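>>> Quick one: sequence and predicted model below, then my questions.
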Amino acid sequence: MSTELYQKVTPDHLRRDAFLYVRQSSLRQVFENTESTKRQYALRERAVSLGWPIERVHVIDSDLGLSGASAEHRDGFQQLVSEVAIGHAGIVLGLEVSRLARNNADWHRLIELAALTHTLILDEDGVYDPAYFNDRLLLGLKGTMSEAELHVLNARLQGGMRNKARRGELELPLPIGLAYHPNGSVVLDPDQQIHASLRLLFDTYRQTHSASMVVRRFRREGWVFPRRIRRGIGKGEVQWGGLNTSRVLQILHNPRYAGAFVYGRTRIGRKADLTSTQLKVAQSDWQVLIRGAHVGYIDWDEFERNQVTLRQSANGFGSLARGTVPREGDGLLQGRVICGLCGNRMRVRYQKVSGRLEPYYVCHDVAAHDAGKPCQSVRGRAIDDAISALLLQTVGPAAIEVALAVEDEIAGRIEQANSMRLKQLERARYEAELARRRYMNVDPANRMVADALEADWNDRLRRLDVLQQDHERQRRSDQDLLGDQARARIRDLADDFAVVWNDRRIESVERKRMLRLLVEDVTLVKSEKVSIHVRFRGGRTTSLTVDKPRSMALVRKTQPAVVTVIDGLLETCTDQQVATRLNELGYTNWQHQTFTARKVALVRTTYGLPSRFERLRSRGLLTGAELATQLKVSQTTIHQWGRQGLLRRHVYGHDHRCLYEPLGNVVLVRGIGGRKATRPIFIAAPTPGQGAM
């Protein structure tokens, strides 16, 4: 050992601990490059020879199998930096600079901290004191060369991969349904059930243009879908389970299923917190795209059509919202309506009216993007009815072709479903037979294993039995679906399309699909009336107008005829009597509800109709208090005389409230009480002229 080396190691350094950092870049290097690992651990002897006791030489090897390109996720390196920063480390040992860090930022941070705490750094070439400029300069050069070495190695690897990818020869992991042939070419998976599952997925999407509809069909029919395990236990095996929407979208977006070789679909980026993430790259920026590189389940044209429909299905603004696929909801023209004022696509909104959801076609783009007011909003029920009537007039000549197409589509779906069920049944039989062979080959004396295998065999047999029963039941159902009666009903479509269109059992989404076959778009202009301009597939156009749907204020307004009837009845009836009479005549309010006294009072107040009380008062009728004052009796006596018929009264409200006809100039002659009581009488008082005569 040279004298200069010992001069750098001072008693201050020896009072602190020594830290040996051990790292390999990958697990493969850990298992295969064992000599390099042994050389790194041997540096403990160097620390002992410099004066550190063996028990104070700490080995940090938790980063074995991790790259040194970054300090992220390297807990061992971060621990080492912490020990240096707090002054616990007298010396840091590493076989070479590349073991500690291949990133200049991480390396220089360690050097600066070591210089501040007077910590030495040792590698194969010697001992360095970062506090001295020459040593720090040399360590900096070594760190730069280590980072450059990593860059050169990475550039060579990436260049080789790109060069191989340009020829389409780079072997990338294949999605389920594709496999590598021993000669290196890509072929369809030899498993027929996997093959049939993918064919069925693409065929269903071709019919429905909706990923969620594909999932619904698979779940409704009880079909399973394959997934290959990529890592961990069971790597490479195929698992069968339920299908979900994200899985369907992943398959539809993958160009490998269209027979294309693609390289550079994604790139590594950084989030706001500087963590790495995988970013999608636009198709125009893919590094390599070789169409027709191998067999596929669909062709490239269909793949591009699928991408268009997937973008149209996105619930976005602008062009992404044009031509959206049919969805649930009563709005017949969903995705087909164009605003005649601004040219943007109108959207469907639903509002509950009288207990039911009513569609409204709303031009919402200006309001959404520029915080302005919507161009126009049209209630959709009348528009949909007009379009339906137009379709019933137009579809007649083409109904035969539609009926035949429906029959062929149903037959094709049944054939696909039957083929899928047969393959599931065949796989279940194979698994049951495999379980039986495992059970028969086990040693009968080993009861623990034999019992477990027997239980597995019974479970496979139960699954097979359930699948067989389901298959038989579905087969009978399919026969009924395409029986003579069913075929006759389908062909009746040509003769009676109106019945089919108006059938309540037909879902709204099916009507929208039929509409898409004939109508390209519908333009609406709302003025005094609503102008409807229809453009059919092929270019033919037609126009029609409908009355503008009434606003809610007009809808809720009481009909003038009802107001007139109420005004007439109030001459002789109270509010309750008016309500009873209106109900007898069959009148209802705007919600088709019967009338009550409160509703009659509301109409009377709204339209300024005089009440029954006001009408009677205008005719000179008196209240009980006024008549009692005139006759010098109590109000109770007046009400009693009214009930006895001595006074003519007119009821005007509830609780028998009434007004009394005036008596004129009369004199009250009270009756006699007792057993021979007499009723009071009213005698006309003589006028002053009569008294003189």
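That came through fine.

>>> Please enumerate the strands of the stretch 451-600 of the chain.
With DSSP state E, counting those that start in this stretch applied, the stretch 451-600 of the chain shows strands at 519-526, 529-536, 541-547, listed in chain order.

>>> Now tabulate those strands in JSON lines and tack on distance to residue 313, mean pLDDT and mean neighbour count.
Glycine gets a C-beta too; all of them are placed from N, C-alpha and C. Putting these into JSON lines (distance: least, CB to CB, whole Å; pLDDT from 0 to 100; neighbours: other CB atoms under 10 Å) gives the following:
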{"stretch": "strand 519-526", "distance to residue 313": "18", "mean pLDDT": "87", "mean neighbour count": "18"}
{"stretch": "strand 529-536", "distance to residue 313": "22", "mean pLDDT": "87", "mean neighbour count": "17"}
{"stretch": "strand 541-547", "distance to residue 313": "27", "mean pLDDT": "87", "mean neighbour count": "12"}
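
>>> for this structure, what's the longest helix?
helix 399-441 (DSSP state H).

>>> Does anything pack onto it? Which helices or strands?
With contacts taken as 3 or more CB pairs under 8 Å, 6 or more residues apart in numbering; DSSP states H and E, helix 399-441 sits against helix 192-208, helix 211-221, helix 447-481, helix 484-491.

>>> Can you check which of those gets nearest to residue 82?
helix 211-221 (49.6 Å; CB to CB).

>>> before we move on, back to that, export the strands of the stretch 451-600 of the chain as a markdown table, with columns for distance to residue 417.
Output for the strands of the stretch 451-600 of the chain, formatted as a markdown table (distance: least, CB to CB, whole Å):
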| stretch | distance to residue 417 |
| --- | --- |
| strand 519-526 | 31 |
| strand 529-536 | 34 |
| strand 541-547 | 40 |
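
>>> circling back: and residue 115, which of the helices and strands packed on helix 399-441 is closest to it?
Using CB to CB, the helices and strands packed on helix 399-441 put helix 211-221 closest to residue 115, at 59.4 Å.

>>> how far is the closest one from where the chain is centred?
Once both centres are worked out by CA atoms, centre = their mean, to the nearest Å, helix 211-221 turns out to sit 15 Å from its chain's centre.

>>> Just list what it packs against, helices and strands only.
helix 192-208, helix 245-252, helix 399-441.

>>> Residues touching the helix or strand following that helix, excluding its own?
Sequence-wise, the next helix or strand beyond helix 211-221 is strand 225-228, with elements assigned using DSSP states H and E. Outside of strand 225-228, the residues within contact range by CB atoms under 8 Å, 6 or more residues apart in numbering are 176-177, 191, 193-194, 197, 201, 218, 236-243, 247.

>>> Narrow those to just the buried residues.
176-177, 191, 193-194, 197, 201, 218, 243, 247 (16 or more other CB atoms under 10 Å).

>>> mind giving me JSON lines with those residues and columns for pLDDT and distance to residue 520?
Below are those laid out as JSON lines (pLDDT from 0 to 100; distance: CB to CB, whole Å):
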{"residue": "176", "pLDDT": "91", "distance to residue 520": "38"}
{"residue": "177", "pLDDT": "90", "distance to residue 520": "36"}
{"residue": "191", "pLDDT": "85", "distance to residue 520": "43"}
{"residue": "193", "pLDDT": "85", "distance to residue 520": "41"}
{"residue": "194", "pLDDT": "88", "distance to residue 520": "39"}
{"residue": "197", "pLDDT": "89", "distance to residue 520": "35"}
{"residue": "201", "pLDDT": "92", "distance to residue 520": "29"}
{"residue": "218", "pLDDT": "88", "distance to residue 520": "32"}
{"residue": "243", "pLDDT": "90", "distance to residue 520": "33"}
{"residue": "247", "pLDDT": "91", "distance to residue 520": "33"}
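
>>> Just send the helices and strands packed on helix 399-441 back as TSV, with distance to residue 602 too.
Converted to TSV, those look like this (distance: least, CB to CB, whole Å):
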stretch	distance to residue 602
helix 192-208	51
helix 211-221	47
helix 447-481	56
helix 484-491	52
